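S.K.: Quick check, what structure comes out for this input:
(2 chains)
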Protein chains: 2
Amino acid sequence: MKEFSIIGKDVPRTDGEAKARGAAIYTDDMKLPGMLHGRILRSPFAHALIKSIDVSRAASLPGVKCVLTANDTPKIKYGNWRLFPDTQDEYPLAIDKVRFIGDEVAAVAAIDKDIAEEALALITVEYEELPAVFDVDSSMQTGAPVIHDYCPTNVSVNRKIQYGDVEKGFAESDYVREDVFRVHSVSHAYLEPCSALAQVDLDGRITLWSSTQVPYIVQCLLASTLGMRENDIRVIKPYIGGGFGGKMELRTWEFCAALMAKKTGKPVKFTLSREEEFLAGRRRHGMKLHSRVGFKKDGTLVAKDLRIQLDGGAFNAMGPTATFLCGNFGAMLYRYPNYRFHGEHVYTNKPPASAMRGFGAPQSLYATEIQMNIAAEDLGIDPVDLRLKNAQVSGDKIPDVATISSCGFVESIQAVAEMSGWKEKRKNLKPGQGMGIGCYSFISGGVFNWFNTQYPFSAAEVRAFSDGTVHLLTMASDIGQGSDTVLKQILAEELGLTMADIRMTSADTSMTPQGDLGTWGSRVTLMAGNAVLDAAKKIKEQLFGAVSARFNLNVVHEIECKNGRVQSKARPDYGMSFGDAVAMVQKANRGEPLFARGSYTPRDKGLVTPAFGFGAQVAEVEVDRETGLVEVKQMWTAHDCGTVVNPRSVEGQLAGSIQMGLGYALSEQFVMDKGTTLNPNFVDYKMPTAADMPPSEVVHIDTYEPEGPFGAKECGEGLASPTAPAISDAVYHATGYRCKNLPITPEKILQALGEKK
Amino acid sequence: MKEFSIIGKDVPRTDGEAKARGAAIYTDDMKLPGMLHGRILRSPFAHALIKSIDVSRAASLPGVKCVLTANDTPKIKYGNWRLFPDTQDEYPLAIDKVRFIGDEVAAVAAIDKDIAEEALALITVEYEELPAVFDVDSSMQTGAPVIHDYCPTNVSVNRKIQYGDVEKGFAESDYVREDVFRVHSVSHAYLEPCSALAQVDLDGRITLWSSTQVPYIVQCLLASTLGMRENDIRVIKPYIGGGFGGKMELRTWEFCAALMAKKTGKPVKFTLSREEEFLAGRRRHGMKLHSRVGFKKDGTLVAKDLRIQLDGGAFNAMGPTATFLCGNFGAMLYRYPNYRFHGEHVYTNKPPASAMRGFGAPQSLYATEIQMNIAAEDLGIDPVDLRLKNAQVSGDKIPDVATISSCGFVESIQAVAEMSGWKEKRKNLKPGQGMGIGCYSFISGGVFNWFNTQYPFSAAEVRAFSDGTVHLLTMASDIGQGSDTVLKQILAEELGLTMADIRMTSADTSMTPQGDLGTWGSRVTLMAGNAVLDAAKKIKEQLFGAVSARFNLNVVHEIECKNGRVQSKARPDYGMSFGDAVAMVQKANRGEPLFARGSYTPRDKGLVTPAFGFGAQVAEVEVDRETGLVEVKQMWTAHDCGTVVNPRSVEGQLAGSIQMGLGYALSEQFVMDKGTTLNPNFVDYKMPTAADMPPSEVVHIDTYEPEGPFGAKECGEGLASPTAPAISDAVYHATGYRCKNLPITPEKILQALGEKK
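M.R.: Predicted structure coming up:
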């Protein structure tokens, strides 16, 4: 493999010092002269008609500058799935009807937050309550309350995949296993609540700073909902305190800030409270999964039939993507010669679920992995061996979905088994102790153009200067995952420069090159990375030409950018500094500055992704049989993210994934009563803390992804999946309790233990 | 001539509303968290050695965060004339020696301005006073105090021009006139005092907001004086309250703000007081002009010998350019078959003179025009006729200098004579009344690359979007003259769009395309305008291709951008909206956004300028013979600026020129006593106000400059020249007092009248 200078090195994150020192400016840190503060009035009912809204008292409260209801807006529907306008089911403010507790009904902007809050209480809304549904079973029943008139079944999206002959497959199977799993909804719990600040210029153009993963999507949808032209709106992404999928749509406060700025001429800022985030924020889809798998006696997989109902809450949000991806993930990891999937996205009167780290994989793979463990036991095959027997490998095709290029899955399973001492240690654990395994595969960005972008999926501009520096411009959005650092590393590596030689401007829709679809689906390293590489290669071509001409090099001579120089590879003395080479190109172009645009759009890569990450994880737990409390004693992870661009960032991603996986498996859940969230705060919503983190050991499987920059692919989301099934399997191993209904609470364990007694 | 949609129309200035409403943000309006306020310690001596500086008491004053003297700086000389490093004679803070009263010795940054001011008083500087010189005659004497060691003659720049045979010319002349003129120094008196705000990021890169005409020059010189790389410095030009040439260099406060930001990690802002501006600010060169001209009896010009000593003050600043231009302007307006020029830039112990509106022309042409009037009288020829006889016309070559392309000079003289009723009215004025004439020519930007830029002289990027909007990016600097409006008009005209379709980003060295040399020499409309046109034409080529392909047009078919459409000129129904055409180009480029870079660098245009403006002016005055007060009763102006892009802006330029010309002629001057300015405020420095403005009538001479965008050339500086000679000639006509020593004060008039009695 190629020797790298910067790729694979522990380069400090470019945002690290700013964040550590408190110098990083987040949206809510921003103050503009005359700025107003916005608050949102939310529905107290899960399902109700709005008969009337009287804002007169609120509007006349001193200090209140603007009150909005749907009637003050253009009433244009929107949603991320622009390719299928039928799926666009949302308005910024509720029209005639509310669909969940927390649904946005009105907004106030005032000279301070307290006055805005006070004004909310002065708005009188007359509701007529309607019957509501809170789970997919009720919602899909005949005669259930209809949540959207256009969708009388409450099933807004159907996704089917089928290949092979599933029924024949089951008929030919020696062992068929069928289970129903229920997985719950959890919160992204990003540390920075959503925040948006809008300013209007005297031409009527809007600048929006927003805590978003998707500046371009917000630009487009804000324009369409306001009836403005896209490029009369500029979206800038400041530092972001996490997103995890929860900030990838246009949201009400972004719209209201912009419209109120237009109406008042003053900057308007909205920042959600933590309570609002928990009560009404986006979340991971709860799902009901019905999975049937058939094996030969020897463990060979023959068929799989997967039906999933996603609890979408009141709107589609990113549900259509999750529905699609559940089916794709259901066909991943193992070779299913015959596969059938039917996903249904179901409306309920709850806050909308949407994208969240893993995007369908944690749910879909929970079913996959638990069933693998059940089958292994039933077939008398070690779970590791059963996996190895069926594991997907490089070159495998999933019909209609993808061809797997690089794949370190087998090596991951082997490595994690070896690290954990699986075969020996698992046999010799004490009572109450257990070991379990879970695996994953994940996408490196999506291929399917649901947003119907007209631009490349990712783009970059590189400007090179005779002082030896370069300026990288990209609309890629670092939301805390460290992508700015990674993109700079890729550029520095390709141009033979240091990190300090690069100035970077990112995620400003009016300054950085169109387009980029934002941060989701673990797309940035591969896609934006490829765009950066593309631009860098174009720069190099010009530098190489200058050096070749200057030193009269033979046309077959290889030239390289290395250590700040552009030089003949064979004769480095035939060369010059990077800056001097830039100056020569400029001279050759009679002064024109040297720059290049690069882009990346996946083509001929199936429907899902250009590259899959893989991995496996083993958890060791100890269960207190008196209290039902699960202590995770150790995690072992082996994963294949292709080339590791930044080891520390990968380490951070893994640690974060395990932390979220822990919470998903054991402690996090929205405790709800008929649409009301009863635990809307970090005291009652039990997110694992640093103190809860188990010791962790990690092996990177060495693969090279041909489609990725320097061989890299995803590393940030895949690992959101295996932790829950690994822990769940370990709990089963320790207690005999097989959880099919996440999370694994002490109550459930105790109940199961009690039943066994 | 072509029918224009937007060129030549009274388009409101894009900055008008913001300025009228107080929404325009100037540098001093900016506040950043933790920002420090800087003040400068200035020399109380005109010429002295610095024996020691003790800043300890200042540094320990609570609230003081940084104190700088030269010893804290890299001590790198700088100056705008990078092509000739010998001319670079300045340090940001004085080293070992001060050279004028107000010379910058030290700087303090503190948590507020008052503390910074208090700290200045705590700095102890031990000086050893040296003999000083305050005028060019004394400075050039043998044995005069030497101001810069490298320059024992005190003459830092010599510029000679010679063509024909001047002595032979005088020998063949029937009439030779020789005069010595002295013209004085005046202040730019821009309404916004200089201000700069620097911020350093954690990577050590600096962002500087500055009230400057030349962001790129400041970027480069700030980098070199700090020992940093150019592109680690970003200079942003906010709204600017005028410059007139006074803000076209790197200045001490820009350097100190940047260095102090680096040292403290905090933003640092400096804003000069009005008193500082008057005491130590840049100013127009005072000059001593020795001019000899020879005529044939019939008025034909035969020879001219012009010697000028420029009073440069303590540093070169933009003096070298002024020295060069004085010689060029001396050869302009009339045909001199034999011409000789010797310009000397002379150091004195006064604040440095530098560029100011007209850049050598108001001084040089004062001599030209007054001598023309004297000669006319002596030769018995009407001054208008004498001018018409010798006037330069299109196609005239000035050896080594330029070829005149468009030229409406003859028409200007004729028009102004006709408008003013010159021949009749002048004969019939009452005693004490007079009419006088003055003419001008001026450059439309400079050709000579004194800054040694490696980039195009002007550049622009145009991004076109499918929503029908475009984004114009340029480093051109609107400093209040309205160039942003003009550049948008040029783009809108070329692309058939409206002003509202254009978003503009200008004058940000890290975001707008390299390069642009800034705003001076009336260069922006022609040079940046050409760059914008170049980019727009490249956009059009692509749009035309798309439309041609879509409608299967014959290759000879002309296509146009008009009224928001791209269409066949002959068959407008073969066409589509601008936005749809952009979308087609994007589709053809598989999603790549449509953008184009354009640039302009004058080549093969001599040494001076690509295009000259011309004009003539007549003033009518009435002189109170008791008080010596001059009332200007009427101004008539005819001028040739090529195509008038924005009539209101041109009107504004003319009004402003007349206002400055009035002050230059009659009232403005630095009253100085041995290097001390005695009138450093707007009460004692007598700038004409709106109430002093005479009625004014203007005719635009209709010409088309082939080198300019849509035929446009300069309109903002040329008219700084004719007002003073026209008024001076009118005063002579009214009183018999011929002023050879500006300004024309009541005292001088009374003295002259007294001598005549």
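
S.K.: what's the distance between the residue lying closest to residue A:48 once chain neighbours are set aside and residue A:43?
M.R.: Nearest in space to residue A:48, with sequence neighbours left out and distances taken as Cβ to Cβ, 6 or more residues apart in numbering or on different chains, is residue A:127 at 4.0 Å. The C-beta positions use only the backbone N, C-alpha and C, and glycine is treated the same way. Here residue A:127 is placed at a distance of 8 Å from residue A:43 (Cβ to Cβ, to the nearest Å).

S.K.: Overlap in contacts, those two.
M.R.: Common neighbours of residue A:127 and residue A:43, using Cβ atoms under 8 Å, 6 or more residues apart in numbering or on different chains, are residue A:98.

S.K.: wait, what's in contact with the residue in the stretch 601-750 of chain A positioned nearest to chain B?
M.R.: Among all residues of the stretch 601-750 of chain A, residue A:601 sits closest to chain B, at 6.2 Å; criterion: Cβ to the nearest Cβ. Shown in contact with residue A:601 (Cβ under 8 Å, 6+ apart): A:456-458, B:590-591.

S.K.: Name the member of these with the most neighbours.
M.R.: Neighbour count (other Cβ atoms under 10 Å in any protein chain shown) singles out residue A:458 as the most crowded of those, with 30 neighbours.

S.K.: picking that back up, relative to residue B:674, which of the contacts of residue A:601 is nearest.
M.R.: Distance to residue B:674, by Cβ to Cβ, is smallest for residue A:458 among the contacts of residue A:601, at 66.8 Å.

S.K.: I'd assumed residue A:528 was in contact with the closest one.
M.R.: Yes - applying Cβ atoms under 8 Å, one finds residue A:458 in contact with residue A:528, separated by 4.3 Å.

S.K.: Spit out the residues that contact the two alike.
M.R.: A:474, A:476, A:516, A:600.

S.K.: got JSON lines for those residues, with pLDDT and neighbour count too?
M.R.: Shown next, in JSON lines, are these (pLDDT from 0 to 100; neighbours: other Cβ atoms under 10 Å in any protein chain shown):
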{"residue": "A:474", "pLDDT": "98", "neighbour count": "30"}
{"residue": "A:476", "pLDDT": "97", "neighbour count": "31"}
{"residue": "A:516", "pLDDT": "95", "neighbour count": "32"}
{"residue": "A:600", "pLDDT": "98", "neighbour count": "25"}
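
S.K.: re the thing from before, any idea how far the residue nearest to residue A:48 is from chain B?
M.R.: Distance of residue A:127 to chain B, computed by Cβ to the nearest Cβ, to the nearest Å: 39 Å.

S.K.: And that residue, how far from residue B:723?
M.R.: Where residue B:723 is concerned, residue A:127 sits at a distance of 74 Å (Cβ to Cβ).

S.K.: same question, residue A:727
M.R.: 87 Å.

S.K.: residues from the stretch 1-150 of chain A in reach of chain B?
M.R.: Contacts of the stretch 1-150 of chain A with chain B, taken as Cβ under 8 Å from any Cβ of the partner chain, map to A:14, A:17-18, A:21, A:23.

S.K.: picking that back up, out of residue A:127 and residue A:43, which sits in the more crowded spot?
M.R.: More crowded of residue A:127 and residue A:43, by other Cβ under 10 Å: residue A:43, with 24 against 18.

S.K.: what about the closest residue in space to the more buried one that isn't next to it in sequence, neighbour count?
M.R.: Using Cβ to Cβ, 6+ apart and skipping the chain neighbours, the partner closest in space to residue A:43 is residue A:98 (3.6 Å). Residue A:98 has 26 neighbouring residues, counting by other Cβ under 10 Å.

S.K.: Using the three-state scheme, assign residue A:441.
M.R.: Under the three-state scheme (DSSP: H, G, I helix; E, B strand; the rest coil), residue A:441 adopts strand.

S.K.: Confirm for me that it is in contact with residue A:613.
M.R.: Yes - counting by Cβ under 8 Å, residue A:441 does reach residue A:613; the two are 6.7 Å apart.

S.K.: So for those two, which residue has more residues nearby?
M.R.: residue A:613 (33 against 29).

S.K.: and the nearest residue to residue A:715 once chain neighbours are set aside, what pLDDT?
M.R.: Residue nearest to residue A:715 in three dimensions, not counting chain neighbours: residue A:641, with 3.5 Å by Cβ to Cβ, 6+ apart. At residue A:641, the predicted lDDT confidence score is 96.

S.K.: likewise the one 10 residues further on?
M.R.: The model reports residue A:651 with a pLDDT of 95.

S.K.: Helix or strand for it, just tell me which one.
M.R.: Using DSSP states H and E, residue A:651 falls within helix A:647-662.

S.K.: now for that helix, which elements pack on it?
M.R.: Helices and strands touching helix A:647-662, by 3 or more Cβ pairs under 8 Å, 6 or more residues apart in numbering or on different chains; DSSP states H and E, are strand A:630-640, strand A:696-700, helix A:723-735.

S.K.: Out of those, which is the most enclosed?
M.R.: Across the helices and strands packed on helix A:647-662, the average number of neighbours (mean count of other Cβ atoms under 10 Å in any protein chain shown) peaks for helix A:723-735, which reaches a mean of 28.

S.K.: Now do that one against strand A:630-640, angle only.
M.R.: Orientation check (axes from the mean of the first three to the mean of the last three Cα atoms, to 10 degrees): helix A:723-735 against strand A:630-640 gives 130 degrees.

S.K.: how distant is helix A:723-735 from the center of its chain?
M.R.: For helix A:723-735, the separation from the chain centroid amounts to 25 Å (computed by Cα atoms, centre = their mean, to the nearest Å).

S.K.: Show me what it packs onto, helices and strands only.
M.R.: helix A:361-379, strand A:433-443, strand A:612-623, strand A:630-640, helix A:647-662, helix A:746-756.

S.K.: Quick one: the helices in the stretch 301-450 of chain A, in order.
M.R.: Listed in chain order, the helices of the stretch 301-450 of chain A (DSSP state H, counting those that start in this stretch) span A:319-330, A:361-379, A:383-390, A:409-420, A:422-425.

S.K.: related to what we said a few turns ago, which of the residues of the stretch 1-150 of chain A next to chain B sit farthest apart?
M.R.: A:14 and A:21 (13.4 Å).

S.K.: residue contacts, residue A:310?
M.R.: Contacts of residue A:310 by Cβ under 8 Å, 6+ apart are A:136, A:285-287, A:319, A:322-323, A:326, A:343-346, A:353.

S.K.: now the residue nearest to residue A:634 when sequence neighbours are not counted: how far from residue B:167?
M.R.: Ranked by Cβ to Cβ, 6+ apart and with sequence neighbours excluded, the top spatial neighbour of residue A:634 is residue A:620, at 4.4 Å. For residue A:620, the distance to residue B:167 (Cβ to Cβ) stands at 106 Å.

S.K.: what does residue A:509 give?
M.R.: Taken as Cβ to Cβ, the span from residue A:509 to residue B:167 is 68 Å.

S.K.: Neighbour count for the two, which is higher?
M.R.: The neighbour comparison of residue A:509 against residue B:167 (other Cβ under 10 Å) goes to residue A:509, with 25 against 13.

S.K.: higher neighbour count, residue A:14 and residue A:21?
M.R.: Comparing residue A:14 with residue A:21 by other Cβ under 10 Å, the one with more neighbours is residue A:14, at 20 against 10.
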